[in-house]
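Participant: sequence and computational prediction follow.
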Amino acid sequence: MAGRLRRLGGVAFRQQKWKSSLSTQAKMPPCDFVPEKYESYPYERMQKIREQNIAPSLKTYYKRPLLLHQGHMQWLFDHEGRRYLDLLAGIVTVSVGHCHPKVTMATQKQLARLWHTTNIYMHPAIHEYVEKLTSLFPDPLKVVYLTNSGSEANDLAMFMARLHTRNFDIICLRGGYHGGSPYALGLTSLTSYKHGVANGFGCTTGVNGAVQYPRNFLKEAYQLIRERGGLCISDEVQTGFGRTGSHFWGFQTHGVVPDIVTLAKGIGNGFPMAGVVTTKEIASSLAQNLHFNTFGGNPLACVAGAAVLDAIEEDDLQKNSEDVGTYMLLELAKLRDKFEIVGDVRGKGLMIGVEMVTDKDSRCPLPAEEISQIWEDCKDMGVLIGRGGLYSQTFRIKPPMCITKRDVDFAVEVFRTALQRHVKKAAAK
């Protein structure tokens, strides 16, 4: 279809064929979706606006940042019509797929009915949603406080725990990331997120590259904490909603029941919502005084959240995460066995980390500039992946849960090609 004019809704445009010197080695799966014609500002003007009007702390990926225009399920389209397989899902946020029709239709319908009313009034959406959400949790986790972001949810969870126990110290794992708010930053030991000012008192230390707990680690950790009068909080912002495949929530994989669970990202498929789920007893601690959230439980958010739960069930996305995720892990493991610089392939379901090293004996992180080149090559061939780890040495692969095995074949072949190019360059030096 390259070079041929196509029409959608009366608008003519030229479908772009992705050009790359390596494209013959990795054939992109077909996609019937046709994006609309991009009609906003030129790329150069967008760059200038970003430089002048958007805070510099909000950094972009890639040497030439992508200007994305439209999305459809596991695919993203840039302003020139180029198509990309999204293996990062808006930083693990697009759970059921970009612009999933069920979620889109539900929110459009609610948009015409009622956008917002604060939770001082009752409305159907919040009650229908929390009943549906809490049905997915074991007893006694049946009380929900809805918020706007994962950072806010984690802050609130810590606040609840401190109120309930009257203890203040909090322990988390090194390399974890739980948000950018003051409380949450106290749980983060990654240098790139620290700003040199005091935050998060009483905190002792994810984004660490999909590291799995050793067997029975959580059970023993929970026991030690509870013996000392503490509460256990499970951050399910990335691991929840079926992404790990075998269970709906990550904590279920380890046979434990937390005291508090935090949710965000995939909860709304990109809609800005989050929540804290806990027991009635712990939640009552927050009711001693006024604690109010203007947008928590917004009608539009609750409708989006309910549609996401329906889509996960109806599209069997938890099972797809298990099947396709396992397939991808096995295919990537073949690259680990073939390439000395692939130090580890780990994860569960569609939550995968590929750790890059100089060699398997030393396991020293591959230098940042070399990782960046592999990363850029994957993007140039149409695959978007993330990065994480203490030294940003781990590729994060956490796609929309609707991804297929055919997509995996394409992604793995792209990654293989990028690795081969790197090895060839290194040998030539």
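Facilitator: That came through, no problem.
Participant: just give the number of residues close to Tyr183.
Facilitator: Counted with other Cβ atoms under 10 Å, the neighbours of Tyr183 add up to 23. C-beta: built from backbone N, CA, C; applies to glycine.
Participant: I figured it hits Ala161, correct?
Facilitator: No - assessed by Cβ atoms under 8 Å, Tyr183 is found out of contact with Ala161, at 10.8 Å.
Participant: helices along the chain, start to end?
Facilitator: Along the chain, counting by DSSP state H, helices occupy 43-53, 89-92, 101-111, 124-134, 150-165, 182-185, 217-227, 280-285, 299-314, 317-338, 368-380, 405-428.
Participant: contact partners of the second one?
Facilitator: What it means is helix 89-92. Applying Cβ atoms under 8 Å, 6 or more residues apart in numbering, the external contacts of helix 89-92 come out as 95, 237-238, 243, 265-266, 270, 351, 386, 396, 398-400.
Participant: may I see the buried residues of that helix?
Facilitator: Within helix 89-92, the residues that count as buried by 16 or more other Cβ atoms under 10 Å are Ala89, Gly90, Val92.
Participant: return the distance of the first one relative to Phe271.
Facilitator: Right, the one you point to is Ala89. 14 Å (Cβ to Cβ, to the nearest Å).
Participant: likewise for the second one?
Facilitator: From Gly90 across to Phe271, the span is 11 Å (Cβ to Cβ).
Participant: what separation is there between the residue sitting nearest the centre point of the chain and Asp377?
Facilitator: Central residue of the chain (Cα atoms, centre = their mean): Val92, 1.1 Å from the mean position. Distance of Val92 to Asp377, computed by Cβ to Cβ: 23 Å.
Participant: okay, domains of this structure per the record?
Facilitator: As assigned by automatic domain parsing, the chain contains the domains 5-96+317-428, 101-314.
Participant: so can I have TSV of those showing mean pLDDT?
Facilitator: Formatted as TSV, these follow (pLDDT from 0 to 100):
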stretch	mean pLDDT
domain 5-96+317-428	90
domain 101-314	89
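Participant: about what we covered before: ok, so of the contacts of helix 89-92, who is nearest Asp259?
Facilitator: Of all the contacts of helix 89-92, the one sitting nearest Asp259 is Val237; the distance, using Cβ to Cβ, is 16.8 Å.
Participant: surely the closest one and Glu152 touch.
Facilitator: No - between Val237 and Glu152 there is no contact under Cβ under 8 Å: 11.0 Å.
Participant: ok, these two, which is more surrounded?
Facilitator: Taking other Cβ under 10 Å, Val237 and Glu152 do not tie; Val237 has more neighbours (27 against 23).
Participant: dump the residue contacts of that one.
Facilitator: Val92, Gly150, Ala153, Asn154, His178, Thr262, Leu263, Ala264, Lys265, Ala274 are the contacts of Val237 under Cβ under 8 Å, 6+ apart.
Participant: tell me how far it lies from Asn154.
Facilitator: Between Val237 and Asn154 the distance is 8 Å, computed by Cβ to Cβ.
Participant: swap in His291?
Facilitator: Counting by Cβ to Cβ - His291 and Asn154 are separated by 15 Å.
Participant: still on that earlier bit, make a markdown table out of the contacts of helix 89-92 and add distance to Leu224.
Facilitator: Compiled in a markdown table, the contacts of helix 89-92 are given as follows (distance: Cβ to Cβ, whole Å):
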| residue | distance to Leu224 |
| --- | --- |
| Ser95 | 33 |
| Val237 | 24 |
| Gln238 | 25 |
| Arg243 | 28 |
| Lys265 | 29 |
| Gly266 | 30 |
| Gly270 | 37 |
| Met351 | 26 |
| Gly386 | 33 |
| Arg396 | 30 |
| Lys398 | 30 |
| Pro399 | 36 |
| Pro400 | 37 |
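Participant: buried ones among these?
Facilitator: Listed as buried from these are 95, 237-238, 243, 265-266, 270, 351, 386, 396, 398-400; burial here means 16+ other Cβ under 10 Å.
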